[in-house]
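Asker: Structure for the following, please:
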Amino acid sequence: DVQKKTKKEEKMKQKTRYWLTLIAIGYCGGTIWTLPYIRYVFYDQMIQTMNITNTQVGLLGTVFSAVAIVRNIPGAYLSDKFDAKKIVVFAVGSMTLCTFLYSFFITSYTFALVIWGLMAVATTGYWASLVKYINNMGDADEAGKSFGTYYFINGISGVLANSIPLAVGMRFGFRAAVITVGVMTLL
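Answerer: Here you go, the predicted model:
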């Protein structure tokens, strides 16, 4: 009777951990990309705050994309050689740091170019590690449910990661919105 109770408690702990992990990584997946694509929500505010042109905003995205394409090759290798969880945590932490750094030097376009490049480097291995981590979370039969749940939570957190900073930015300005993004990825 005690063994049955212990097995049941252990199974319950595993299920709780499984769901809490899915919620955490789903939230991270929905918030990690907010700053590199912030122009889609704060286009006019970026141009005004940084005193830049449309071309310069586009160049930020180009820098991020160009570095991201190159980093995909070592990223897949790293996700095979290292602990996927550590790579995901490092990427989210690095993006948080980049977000806060950008908020301090928000008027410097040169610094923004560096930050957009660093964000792409910081996420090296993130995607491959995330897929590996989700795939290995449960039994083989649970992989589909795990990915479906991850994307559901990712979508909800993506909406929050844009709407909350938007509300803050409308009231307190672009810098406050960027800081809010940093706080959201920090959580």
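Asker: distance between stretch 88-102 and the chain's centre?
Answerer: Stretch 88-102 has its C-alpha centroid displaced from the chain centroid by 8 Å (C-alpha atoms, centre = their mean, to the nearest Å).
Asker: got a list of contacts for that stretch?
Answerer: Applying C-beta atoms under 8 Å, 6 or more residues apart in numbering, the contact partners of stretch 88-102 are 25, 28, 31-32, 35, 111-112, 115, 118-119, 122-126, 129-130, 133, 178-179, 181-182, 185-186. In this view, the C-beta of every residue, glycine as well, is placed from N, C-alpha and C.
Asker: got any ranges where the chain has weak pLDDT?
Answerer: The model of the chain has pLDDT under 70 over residues 1-2.
Asker: got the phi/psi numbers for the residue most central in space within it?
Answerer: The centroid of the chain falls nearest to residue 32 when counting by C-alpha atoms, centre = their mean (1.5 Å). Backbone torsions of residue 32, given as degrees, to the nearest 10, read phi -60, psi -30.
Asker: can you pull the contacts of it?
Answerer: Taking C-beta under 8 Å, 6+ apart as the test, what residue 32 contacts is 91, 92, 95, 123, 126, 185.
Asker: What residues of the host helix or strand of the third one count as buried?
Answerer: Read that as residue 95. Taking DSSP states H and E as the definition, residue 95 sits inside helix 84-104. Residues of helix 84-104 classed as buried by neighbour count (16 or more other C-beta atoms under 10 Å): 84, 87-88, 90-92, 94-100, 102-103.
Asker: which one of the residues you listed is nearest residue 171?
Answerer: residue 103 (16.2 Å; C-beta to C-beta).
Asker: Surely that closest one touches residue 177?
Answerer: No - using C-beta atoms under 8 Å, residue 103 makes no contact with residue 177, being 9.1 Å away.
Asker: roughly how far is stretch 14-25 from the heart of the chain?
Answerer: Mean-position distance between stretch 14-25 and its chain equals 17 Å (C-alpha atoms, centre = their mean).
Asker: what's in contact with it?
Answerer: Outside of stretch 14-25, the residues within contact range by C-beta under 8 Å, 6+ apart are 88, 130, 133, 134, 137, 138, 146, 149, 150, 153.
Asker: Tell me the one among the contacts of residue 32 nearest to residue 3.
Answerer: residue 92 (39.4 Å).
Asker: Could you check how far residue 25 is from residue 67?
Answerer: Separation of residue 25 from residue 67 (C-beta to C-beta, to the nearest Å) stands at 23 Å.
Asker: what about these two, which has more around it?
Answerer: Set residue 25 next to residue 67 and count neighbours by other C-beta atoms under 10 Å: residue 25 wins out with 22 against 18.
Asker: What values do phi and psi take at the more buried one?
Answerer: phi -70, psi -30.
Asker: Could you do residue 173 as well?
Answerer: Phi and psi for residue 173, reported as degrees, to the nearest 10, are phi 100, psi 170.
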